[in-house]
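Trainee: Mind looking at a prediction? Sequence and model below.
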Amino acid sequence: MSTLEAEPNINVDESTQTDTPLLDTDDVTELIKSIKTASSSDILLPYGSSVFDHSAMAPASPAAAAALARLRAYVPPPFPIWNNLPVSRRAAVLLLLFADRRGDLRVVVTMRAASLRNYSGHAALPGGKADTLEETPFEIARREAFEEIGLPMDDSKFPKSIRIEHLCQLPFNLAKTELAVSPCVAFLHADGANGETAEEAMIPTLDAKEVAAVFSAPFHNFLKLEDEVPAGETVPGSKNDWYEGSWVDWHDGYRWRVHNFYVPINNQKVTKPKEREGGLKAIAEQLEEEEEAGMERYKVWGMTARILVDVARVAYGENPEFEHNDHYGDEQLMETLFKMGRMGEKKNGTPGLTREEIAKEAAKM
């Protein structure tokens, strides 16, 4: 199945939305307990893989542990429409976090193969469409991550000291192809460190049919205007090359924030497929040609960028340094489209939403 990415999707009017609280008063005690027990085996869900070297990953720093605890405590608002959507409208993406050698969180991102019909050549989170109505969002995301980047679904494939913890889901996003996309957040736990970077050891095996590259990005940086540069490292160009953003006016004053992040690749290992055919070969070779010509950053934008910003907001309890849409997801817009009959069975070749249609519905809210 395909990785999901989308051109900027339209969100509902912020004046009718309120943010789901990150933590209420009753959560504080549980949050403190969660931070203290972040590495305890009784809160982890074990999965297995022989392609990860657990000794290369450091324990999470205090700031990272606190971020994980906030994600663990987050509960999204109910979205009952999901249970009424056909399988052709259901999708999920996986935000796989891990701690680098400094204990800071990074997130795994892929570069789509040119052989994919929708949004080829774009940076995206592992994910795709549901196969059955019985699949939960996390099951969809994990299956797609296995197919695309080799993250195993079988518990026995991981060494005993590696575990994947499912942390939370954020409110659903609407892809331009009219899919309800669930952002599913998980953390890769590992014990010990041998000085090798996690990027060199843990980036998964690629699926040669769908993924042209796998890389990682500094998670907290998705709240910042500039690169956060660790001591002893450098970034290509200037630190302010990290972010660009702009507002798009859609209809009657409704505005959507477009985020563009440029992730440095000079201080990490970018994994690319060994076997290349068709569109995969084309995009992999294009990437290498651009890198040889001096490209040292990968662009992350669209729905992927918006989801990363939202998850980072929850994790760190901070607002971005740049302007942004305040609410999470597009659930109110999807409820309206559902009532219009636009979220029914999706047929091949069915056109996605036009700007005019989305703007018209957004203006009603």
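Mentor: It's in.

Trainee: going forward, measure contacts and count neighbours with C-alpha atoms only.
Mentor: OK.

Trainee: what number of residues lie near residue 304?
Mentor: Residues near residue 304, counting by other C-alpha atoms under 10 Å, number 24.

Trainee: you'd agree it is up against residue 124?
Mentor: Yes: between residue 304 and residue 124 a contact is recorded at 5.8 Å, counting by C-alpha atoms under 8 Å.

Trainee: Touching the host helix or strand of residue 303 from outside, list them.
Mentor: Residue 303 belongs to helix 302-316 when assigned by DSSP states H and E. Helix 302-316 is contacted from outside by 5-9, 22, 66-71, 74, 123-125, 170, 173, 175, 183, 219-220, 222-223, 258-261, 318-320, 328, using C-alpha atoms under 8 Å, 6 or more residues apart in numbering.

Trainee: Just the buried ones from those, in ChimeraX syntax?
Mentor: Applying 16 or more other C-alpha atoms under 10 Å to the contacts of helix 302-316, the buried members can be selected in ChimeraX as follows:
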select :5,6,8,9,22,66,67,68,69,70,71,74,123,124,125,170,173,175,183,219,220,222,223,258,259,260,261,319,320,328
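
Trainee: can you map out the strands along the stretch 151-300 of the chain?
Mentor: For the stretch 151-300 of the chain, the strands defined by DSSP state E, counting those that start in this stretch occupy 163-169, 173-174, 180-189, 211-218, 243-251, 254-264, 297-301.

Trainee: pLDDT of the fifth one, averaged?
Mentor: Put plainly, it is strand 243-251. Mean pLDDT, strand 243-251: 82.

Trainee: so what does it touch, helix or strand wise?
Mentor: Counting contacts by 3 or more C-alpha pairs under 8 Å, 6 or more residues apart in numbering; DSSP states H and E, strand 243-251 packs against strand 254-264, helix 355-363.

Trainee: Worst mean pLDDT among those?
Mentor: Among the helices and strands packed on strand 243-251, helix 355-363 has the lowest mean pLDDT, at a mean of 52.

Trainee: rewinding a little: reformat the strands of the stretch 151-300 of the chain as a markdown table; add distance to residue 84.
Mentor: What follows is the strands of the stretch 151-300 of the chain, written out as a markdown table (distance: least, C-alpha to C-alpha, whole Å):
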| stretch | distance to residue 84 |
| --- | --- |
| strand 163-169 | 19 |
| strand 173-174 | 16 |
| strand 180-189 | 11 |
| strand 211-218 | 31 |
| strand 243-251 | 29 |
| strand 254-264 | 28 |
| strand 297-301 | 30 |
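
Trainee: Nearest to residue 95, out of the ones you listed?
Mentor: strand 180-189 (4.7 Å; C-alpha to C-alpha).

Trainee: Partner strands of the closest one, with direction?
Mentor: Applying DSSP bridges to the sheet, strand 180-189 is found paired with strand 90-99 (parallel), strand 163-169 (antiparallel), strand 173-174 (antiparallel).

Trainee: Could you say which of these is packed most deeply?
Mentor: strand 90-99 (a mean of 27; mean count of other C-alpha atoms under 10 Å).

Trainee: So which residues lie in contact with that strand, not counting its own?
Mentor: Residues beyond strand 90-99 that count as contacts (C-alpha under 8 Å, 6+ apart) turn out to be 3-4, 57-60, 64, 82, 104-108, 125-130, 137-138, 140-142, 145, 179-189, 198, 219.

Trainee: again, only using 7 Å
Mentor: For strand 90-99, contacts defined as C-alpha atoms under 7 Å, 6 or more residues apart in numbering pick out 57-60, 105-108, 125-130, 137, 140-142, 179-188.

Trainee: tell me the angle it makes with strand 211-218.
Mentor: Orientation check (axes from the mean of the first three to the mean of the last three C-alpha atoms, to 10 degrees): strand 90-99 against strand 211-218 gives 50 degrees.

Trainee: Following element in sequence after strand 90-99, please.
Mentor: strand 105-112.
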